[in-house]
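# can't give you the sequence, but here's the structure:
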């Protein structure tokens with residue numbers, strides 16, 4: 001509704017003179033009947049009232065959200081090695097990375113850790129991890145799970 005209000009205000013600016021009057025439901029029987037249709041089944045009214053369901057909004061809105069992707073995190077060296085074969089200059093670090101990378105695989109551009117007994121585990125960065133933990137503790141279900149359940 002905010003987008004419709006914004007569009008209406010923009011359109012009003014294009015007129016030399018305009019007046020918007022609020023009509024209460026009590027004085028506007030048609031609008032009152034339409035508002036009640038949304039909360040009740042209207043199959044029995046199909047012959048008396050023409051109802052059209054809009055599949056898409058009548059105004060087009062473009063939502064732009066800025067996303068900051070951290071350039072370097074704990075997964076970056078592993079991803080660079082698996083995708084491009086890039087290793088650190090230090091021989092010991094390069095050897096450690098090659099051994100560690102054996103535990104990981106790339107699926108659809110995302111890094112996963114191989115699991116022996118279960119499915120591959122998706123690797124996430126610190127911000128995503130904080131979000132996941134927050135959702136588990138405070139999310140839709142609103143339950144606080146114990147350490148064993150969170151680990152599971």
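All right, it came through fine. Please read these numbers as outputs of a predicted model, since none were measured by experiment.

# Which residues are in contact with residue 104?
Residues in contact with residue 104 (CB atoms under 8 Å, 6 or more residues apart in numbering) are 78, 82, 111, 112, 113, 114, 123. Quick note: C-beta positions are derived from backbone N, CA and C, even for glycine.

# Pipe the residues you listed into TSV and attach neighbour count and pLDDT per row.
Output for the contacts of residue 104, formatted as TSV (neighbours: other CB atoms under 10 Å; pLDDT from 0 to 100):
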residue	neighbour count	pLDDT
78	18	92
82	16	91
111	22	91
112	16	93
113	12	92
114	11	89
123	18	91
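
# I'd like the residues you listed laid out as JSON lines, including distance to residue 63.
JSON lines is the format used below for the contacts of residue 104 (distance: CB to CB, whole Å):
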{"residue": "78", "distance to residue 63": "33"}
{"residue": "82", "distance to residue 63": "34"}
{"residue": "111", "distance to residue 63": "28"}
{"residue": "112", "distance to residue 63": "30"}
{"residue": "113", "distance to residue 63": "34"}
{"residue": "114", "distance to residue 63": "37"}
{"residue": "123", "distance to residue 63": "28"}
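
# In CSV, list the residues you listed along with secondary structure.
Converted to CSV, those look like this (DSSP: H, G, I helix; E, B strand; the rest coil):
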residue, secondary structure
78, helix
82, helix
111, strand
112, strand
113, strand
114, coil
123, coil
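
# Pick out the residue nearest the middle of the protein.
By CA atoms, centre = their mean, the chain has its centre lying nearest to residue 65, at 10.9 Å.

# The spatially closest residue to residue 77 that is not a sequence neighbour: what secondary structure?
Counting by CB to CB, 6 or more residues apart in numbering, residue 97 is the residue found nearest to residue 77 once chain neighbours are left out, at 5.7 Å. Using three-state DSSP, the structure places residue 97 in helix.
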